[in-house]
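Q: starting from these lines, generate the structure:
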Amino acid sequence: MALQGEWTDNLYNYDANKVENFLTRITPSVWFTWPRRSRRPVQVASDNTSPSGVQYSLTEYEIFNKYQVYLAGKMDAMTYSANSDLDHFEHGVEALLQYQPKFRINLHLLDKYTHSQDIFNVTEATLENNRVYDSNIFSLGVDWKITDKLSLQAAYKHFFLSYENDLNNFLDRTDNGASCGFFYDYSPKTVFFLDYQFVLSAYEEKEIPDNGNSYLNIGMNWQATVKTSFMLKGGYQQVNYDFEAPEEYDEAETADDLINDDEAAFSFEAQANWQVMEKTTLIFNTKYSIDQTDSRMALNKTVFAGRVALDYKFSGRLRGYMNFIYENSDYALFNGGSRLDDRWYFKPELRLSLRKWLFCNLYYSFDQKDSNFDQLDYKTNTLGLGVRLTF
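A: The predicted structure is shown next:
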């Protein structure tokens, strides 16, 4: 059970009319594993604009037993001082089932359901339209160790996204995809792989064209030491659109004068988990790819994203965390133009253990966006204090 109070100087992320707010959040949550484990086997961070709903590749699940069952759920009750009409509940459930029918075969089923809302933005999520949505990520896969050196991984992926307000129905979509990869154990610490993935994104309203995303990557997993691991992959992304020009552009000679029916780009992703010292752990993620749109005016957005997270243990009771995110988004507008957004997010945090069952945390965050559309620029400061009890 967690209780959190959070003050911000720019609730709607709109510099032209800043609104201060104090947010009160109550969060009950529970998780279950069988057989018992001291840590969650997986935690999934969903991302609505990423094909298949996940921004970064999930780390490989640890396999200790013939089977593993994991189930977690939480709810956020949120109250706003600036406007009680914003008060709402968010909730989510995630589950993982692993089973080894034979020694060299591992099956998994993963599911994550989320009821939440988009971050405020003057051209998208606003006071009048706060973009409440339901999403669900589902994956069914197999890992087959063909020989001691060679293995095959294959999965089916499904992502569903639906917004409550009819104004946002143009973003409702269903993604269906499949992936297949061959992994070669070059050494006990080094694995090379080649994988292919296809994701078909189908929009309900057809205001945004359906599109098929093909990825062909080569990569490497490297366990440099017991405490240090890296993943790097890069390759080719091809996007094919089922495009019909909107009515306001009928006078254009062809749809190709506005956008390309097909787009291709070099794509890559890198992850690192590095225990620098006994008390210090560093996590790094980055990616570059063509993603789905979150704007009515844009066909898609090409995203370069990077995240650095630092965990430092001051003592047995006190820990420090730092989270830094940078994201560059290049929107391909339907009128042939481009919208360029740069966003920086920085959050240092201190967590203090008062008892084995009682924790408190203090944090500050700075969120800034710079865009070639000046009305989208904002700077937001947030200060929060929370307490968490475990049972």
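
Q: which residue ranges of the stretch 151-300 of the chain form strands?
A: 173-187, 190-203, 211-225, 228-241, 262-277, 280-291, 298-313 (DSSP state E, counting those that start in this stretch).

Q: three-state assignment of Arg339?
A: Following DSSP: H, G, I helix; E, B strand; the rest coil, we place Arg339 in the strand state.

Q: what is the burial count for the spatially closest residue to it that is not a sequence neighbour?
A: What sits nearest to Arg339 in space, not counting adjacent residues and going by CB to CB, 6 or more residues apart in numbering, is Tyr331, at 3.9 Å. Heads up, the C-betas are built off the backbone N, CA and C, glycines and all. By other CB atoms under 10 Å, the residues close to Tyr331 number 23.

Q: what's the answer for the one 3 residues further on, then?
A: Residues lying near Phe334 (other CB under 10 Å) number 22.

Q: how about the helix or strand bottoming out on mean pLDDT in the chain: buried residues?
A: In the chain, no helix or strand scores lower on mean pLDDT, DSSP states H and E than strand 262-277, which sits at a mean of 88. Going by neighbour count (16 or more other CB atoms under 10 Å), the buried part of strand 262-277 is 263, 267-273.

Q: tell me which of the residues you listed is nearest to Leu385?
A: Asn273 (29.2 Å; CB to CB).

Q: enumerate every residue touching that closest one.
A: By CB atoms under 8 Å, 6 or more residues apart in numbering, the contact list for Asn273 reads 228-230, 281-284.

Q: thinking again about what came up before, could you redo the strands of the stretch 151-300 of the chain as a markdown table and give each row distance to Asp111?
A: Output for the strands of the stretch 151-300 of the chain, formatted as a markdown table (distance: least, CB to CB, whole Å):
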| stretch | distance to Asp111 |
| --- | --- |
| strand 173-187 | 14 |
| strand 190-203 | 17 |
| strand 211-225 | 22 |
| strand 228-241 | 24 |
| strand 262-277 | 23 |
| strand 280-291 | 22 |
| strand 298-313 | 24 |
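
Q: indicate which one of the ones you listed is closest to Lys74.
A: strand 298-313 (20.5 Å).

Q: from the chain's centroid, how far away is the helix or strand just after that closest one?
A: Note on strand 298-313: by DSSP states H and E, the next helix or strand toward the C-terminus is strand 318-333. Mean-position distance between strand 318-333 and its chain equals 11 Å (CA atoms, centre = their mean, to the nearest Å).

Q: by contact count, what packs against strand 318-333?
A: strand 298-313, strand 338-355 (3 or more CB pairs under 8 Å, 6 or more residues apart in numbering; DSSP states H and E).

Q: quick check: Ala16 vs Asp377, distance?
A: Distance, Ala16 to Asp377, by CB to CB, to the nearest Å: 9 Å.

Q: comparing those two, which residue is more hemmed in?
A: A count of neighbours by other CB under 10 Å puts Asp377 above the other of Ala16 and Asp377, at 18 against 10.
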